[in-house]
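> mind folding the following:
(chains A and B)
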2 protein chains.
Amino acid sequence: MSEKSNRVAADTHSLFWARSIAIVGASNNASKLGHTITRNIIDGGFQGRIYPINPSGGQIVGLDSYPDLASVPGDIDLVVFCVPGHMIVPMLEQAAQKNAAGVIVISGGFREVGNTALEKDLVETARRYNLRVIGPNCQGILFAPNKLCATWPLIQTPGSMAIISQSGTVAATLAGWAEKEGFGVSGVVSLGNQADLCETDFIEHFCNDEQTKVIALYIEGVKDGRRFMAAVRSSPKPVVILKSGRTPGGEKAAASHTKSLAGRDDVFTGICRQVGALRADTVEELYDFAKAFTAPRLPEGNQMMILTSSGGSGILAIDVAERRGMSVASLLPATAERLRESAIPSAAVISNPLDLTGSALSEDYRVAFEQIEKDQPADAYLLIFGDPIAGSAEKIGRFFQESSKPLAICYLGGGEVEEQELKLFHQMKIPVYPTPERAAAVLAALHQKHQYERIRTEVEP
Amino acid sequence: MSEKSNRVAADTHSLFWARSIAIVGASNNASKLGHTITRNIIDGGFQGRIYPINPSGGQIVGLDSYPDLASVPGDIDLVVFCVPGHMIVPMLEQAAQKNAAGVIVISGGFREVGNTALEKDLVETARRYNLRVIGPNCQGILFAPNKLCATWPLIQTPGSMAIISQSGTVAATLAGWAEKEGFGVSGVVSLGNQADLCETDFIEHFCNDEQTKVIALYIEGVKDGRRFMAAVRSSPKPVVILKSGRTPGGEKAAASHTKSLAGRDDVFTGICRQVGALRADTVEELYDFAKAFTAPRLPEGNQMMILTSSGGSGILAIDVAERRGMSVASLLPATAERLRESAIPSAAVISNPLDLTGSALSEDYRVAFEQIEKDQPADAYLLIFGDPIAGSAEKIGRFFQESSKPLAICYLGGGEVEEQELKLFHQMKIPVYPTPERAAAVLAALHQKHQYERIRTEVEP
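Predicted coordinates for the structure are as follows:
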């Protein structure tokens, strides 16, 4: 089978929707990855059959174990390998006999330590048996629609953000933040060495997954630029990319880490622009942008209105927004007049940012928002809660659902109330950010995406 | 008394070390600031006398209340006002009769809403009675050495970071992070309108406070540039400054918020360089830098060595470090050879970053660090824990104490273990950052500070 036809046939669907899983190297020893993965598959709520494989026998994490794949009764859709790399190739035949669609190789000891021969052997043997390979040297996958957590840490909150990462740690970090903030993920893929399946295969997979609304990508290089560009360009879901190896030292380290050719950074920036992908500058920005793009409303223009209870935070937001191409227009005299007559606090500073001051209630934000929408509608709104304003999520969540305007929320300085409100907002899929600067950057990114979309529509009518 | 002699006499010591406090506007109504402040003074563990003042009488937050200041038996060192602004001036005489050193005016309704006459009256009356004023329109103060929390939120972890802020929210945000991360603060001052005491008075105060090791400053403008520059230049403690109003829109908003003249941003950058103050770009950076400067070890050169368990995170760190003037030198063949022979994992990628891989234990970091220090010492070290590596704080804390090298820690992707280790590191005053980019930026800031110090030594021998 040629590499090309293989690609077309990439049946990632069967892997992610596996109904039966075997973990080779499953263990009762909590320090072993074979233990962690088995436990997370169970605790993640996987509804299919789980077969721990270990020649020692007995029960493993409460389940009957099997000495080898051949002993398992019935089919195995997916095999996860957590045993030393050199032990895996001989087991692939058994996996194929159990009708496996593919394997996840957590184990290292391949190309990343210079053992290209072993990696070649792995891939060629897998191809012979029609098995797809994730990894090797990876941190596994998570797929929320199938309640499949064959990775770590354990993630239990379903969401709509898919994470694809050349670094297991970056994947775990993003997923961990999403779990902690109640935002959740739809899927996580740790790419590892990408001996067979690569970032583009998974972009295509998540494009076809209903639950996924945005794809967040951490890469150090791209395996097949042409195919990658086509996949991102035709993606119906926004793709946000963090690509490292941008400085000379970073490029050298990327080559050493995953043998990636980082390539010229400005060239990659140009590619992103061409295919309409948002480029993030840091791990936090990748997360921030991905959160906003799970339910994106794109600002058609760059006019931004800030409602805040903290004057200082409003200024910090402007500093970032203006540098990133947004504009903070002054209020028209008539708008200001009507706001002055409205029910907002008398101490409010009637301007843009509209400083509702520390005594603001969530109702004041609603009143101000509606008045501004009527008199002088902005393209995007930034709402800053600089104090513990209880009930903000419920009230603002509702008027946001009714409006069609892009909105970013910043909640800071609010202690326990802040943590509660943040989770409530996130349950409503309204993203909340910890600083005014990060929230402002997100609105600018949404606007940038709108510009990409406009260009796309003009070029491809 | 001339304004100048007033300044010299600024007796902030008596304010911060107050032994008796009255809260005018104390209340049992939990939605009132007079309630929050009274409760926080009590819960903060203040050891002096606390007098809630309210004409309604009875017990307030469990303490006997008094109808007015005159009814309080004995002296009152500090009065906190939480009643409408126009009620305050007539009460200053009573405060003076009780020998108060000064007052904190939480209340708004002064210059920030255009009532300059009332603010002038407040200051002139206070001067007449020799009372110093913090505020008005501020969020109070916290001073850990006196267990005095006359602000919100309640902060109970003592630390060595002093926060001075023209935004109450920014102050609360920084203090809240420090509390949550177990890092703590030595003091917090919300400046408000600075009708009397200004940022420079408090810089001078914290310079004289033993517990304070670093001063973090959020400002929108400076009241008296010459005096400010002299105070920062002569400060024995590092000063980190976030100044907003950097873009045209931001400058305009700053003028509207606190009537600050933001001034040209590049001029302020030049001033910071002249007086050796570090300038932060965002609220998070202000916090990050301040954390590092509580126990600073300044890198003499820009050679940085990265030890990591996550290859990708190492590359992300380099991208930031190199852009900020740090250099990630290659390992010499002899160093690499000795590392290869050492007890670190055989799969380690022997390079800079030194990728100890996901199987790394905390002992591996120690072994690698000691070997590198022996063979090819770096100016600064970045240790990235990209996995839940238990015991890292205890082990690395110890060898850090024994070494003299600047160190930044990044802990990410480690779930619960991460949260535990972070608090342990922070108890040892070793700062931990949530992303490789932020940790790398901190090392670059420490190096920049070293360059400032060198210039200072050369210019002022």
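
> for the residue of the stretch 301-450 of chain A found nearest chain B, give me its contacts.
When scored by Cβ to the nearest Cβ, the stretch 301-450 of chain A has A:Gly312 as its residue closest to chain B, at 2.5 Å. Backbone N, C-alpha and C define where each C-beta goes, glycine included. Residues in contact with A:Gly312 (Cβ atoms under 8 Å, 6 or more residues apart in numbering or on different chains) are A:386, B:165-170, B:218, B:220, B:244, B:257-258.

> excluding its backbone neighbours, what's nearest A:Ile389?
Closest residue in space to A:Ile389, ignoring its immediate chain neighbours: A:Ser362 at 5.6 Å, by Cβ to Cβ, 6 or more residues apart in numbering or on different chains.

> pLDDT weak spots in the stretch 1-150 of chain A?
A:1-10 (pLDDT under 70).

> mind running it again at 90?
Along the stretch 1-150 of chain A, segments meeting pLDDT under 90 span A:1-11, A:31, A:57, A:112-114.

> for the stretch 151-300 of chain A, same thing?
For the stretch 151-300 of chain A, applying pLDDT under 90 flags the ranges A:223-224, A:251-267, A:295-297.

> okay, helices next: where are they in the stretch 301-450 of chain A?
Assigned by DSSP state H, counting those that start in this stretch, the helices in the stretch 301-450 of chain A fall at A:311-323, A:333-341, A:362-375, A:392-402, A:415-427, A:436-459.

> please identify the most buried of the ones you listed.
Most buried of these, by mean neighbour count (mean count of other Cβ atoms under 10 Å in any protein chain shown): helix A:311-323, with a mean of 28.

> return that one as PDB; C-alpha atoms alone will do.
The C-alpha coordinates for helix A:311-323 follow below in PDB (Å, rounded to 0.1, in the frame of the first residue of the first chain):
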ATOM      1  CA  GLY A 311     -10.700  52.000  36.300                       C
ATOM      2  CA  GLY A 312      -7.100  50.800  36.400                       C
ATOM      3  CA  SER A 313      -8.000  47.500  34.800                       C
ATOM      4  CA  GLY A 314      -9.800  49.300  32.000                       C
ATOM      5  CA  ILE A 315      -6.600  51.200  31.200                       C
ATOM      6  CA  LEU A 316      -4.500  48.100  31.200                       C
ATOM      7  CA  ALA A 317      -7.000  46.500  28.700                       C
ATOM      8  CA  ILE A 318      -6.700  49.500  26.400                       C
ATOM      9  CA  ASP A 319      -2.900  49.400  26.300                       C
ATOM     10  CA  VAL A 320      -3.100  45.800  24.900                       C
ATOM     11  CA  ALA A 321      -6.200  46.300  22.700                       C
ATOM     12  CA  GLU A 322      -4.900  49.300  20.900                       C
ATOM     13  CA  ARG A 323      -1.500  47.700  20.300                       C
END
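
> state the mean pLDDT of it.
Averaged over helix A:311-323, pLDDT sits at 96.

> where do the strands sit along the stretch 51-200 of chain A?
Counting by DSSP state E, counting those that start in this stretch, the stretch 51-200 of chain A has these strands, from start to end: A:59-60, A:63-64, A:78-81, A:102-105, A:132-134, A:140-143, A:148-151, A:158-165, A:185-190.

> my read: A:Arg132 touches A:Asp11, true?
Yes: in this structure, A:Arg132 is within contact of A:Asp11 by Cβ atoms under 8 Å, at 6.6 Å.

> doesn't A:Tyr218 fall inside a strand?
Yes: counting by DSSP: H, G, I helix; E, B strand; the rest coil, A:Tyr218 falls inside a strand.

> hmm, it is touching A:Leu242, no?
Yes: counting by Cβ under 8 Å, A:Tyr218 sits close enough to A:Leu242 to count as a contact (4.9 Å).

> ok, the residue of the stretch 51-200 of chain A found nearest chain B - contacts?
As assessed by Cβ to the nearest Cβ, chain B sits closest to A:Ser167 within the stretch 51-200 of chain A, at 2.6 Å. A:Ser167 makes contacts with A:190, A:218, A:220, B:310-313, B:386, as judged by Cβ under 8 Å, 6+ apart.

> let's see it at 10 Å
By Cβ atoms under 10 Å, 6 or more residues apart in numbering or on different chains, the contact list for A:Ser167 reads A:138-139, A:173, A:190-192, A:218-220, A:242, A:244, A:257-258, A:283, B:310-316, B:386, B:413.

> what do you get for A:Val83?
By Cβ under 10 Å, 6+ apart, the contact set of A:Val83 is A:23-27, A:32-34, A:53-54, A:91, A:105-107.

> hmm, which of those are the buried ones?
A:23-27, A:33-34, A:53-54, A:91, A:105-107 (16 or more other Cβ atoms under 10 Å in any protein chain shown).

> can you narrow these to ones near chain B?
By Cβ under 10 Å from any Cβ of the partner chain, the members of the buried ones among the contacts of A:Val83 lying near chain B are A:33, A:106.

> from the buried ones among the contacts of A:Val83, which is closest to A:Gly159?
The shortest approach to A:Gly159 among the buried ones among the contacts of A:Val83 belongs to A:Ile106, at 23.8 Å (Cβ to Cβ).

> residues contacting the closest residue to that closest one other than its chain neighbours?
Closest residue in space to A:Ile106, ignoring its immediate chain neighbours: A:Cys82 at 4.9 Å, by Cβ to Cβ, 6+ apart. The contact partners of A:Cys82, by Cβ under 10 Å, 6+ apart, come to A:23-27, A:32-38, A:53, A:88, A:104-107, A:140.

> cool, A:Ser256 as well?
Contacts of A:Ser256 by Cβ under 10 Å, 6+ apart are A:112, B:311, B:314-315, B:349-353, B:355.

> what do you get for A:Leu242?
A:165-167, A:170, A:174, A:216-220, A:278-287, A:289-290, B:312, B:316.

> show the buried residues in the residues you listed.
Using 16+ other Cβ under 10 Å, the buried ones in the contacts of A:Leu242 are A:165-167, A:170, A:174, A:216-220, A:278-280, A:282-287, A:289-290, B:312, B:316.

> neighbour count for A:Arg132 and A:Asp11, which is higher?
Taking neighbours as other Cβ atoms under 10 Å in any protein chain shown, A:Arg132 and A:Asp11 compare with A:Arg132 leading, 22 against 13.
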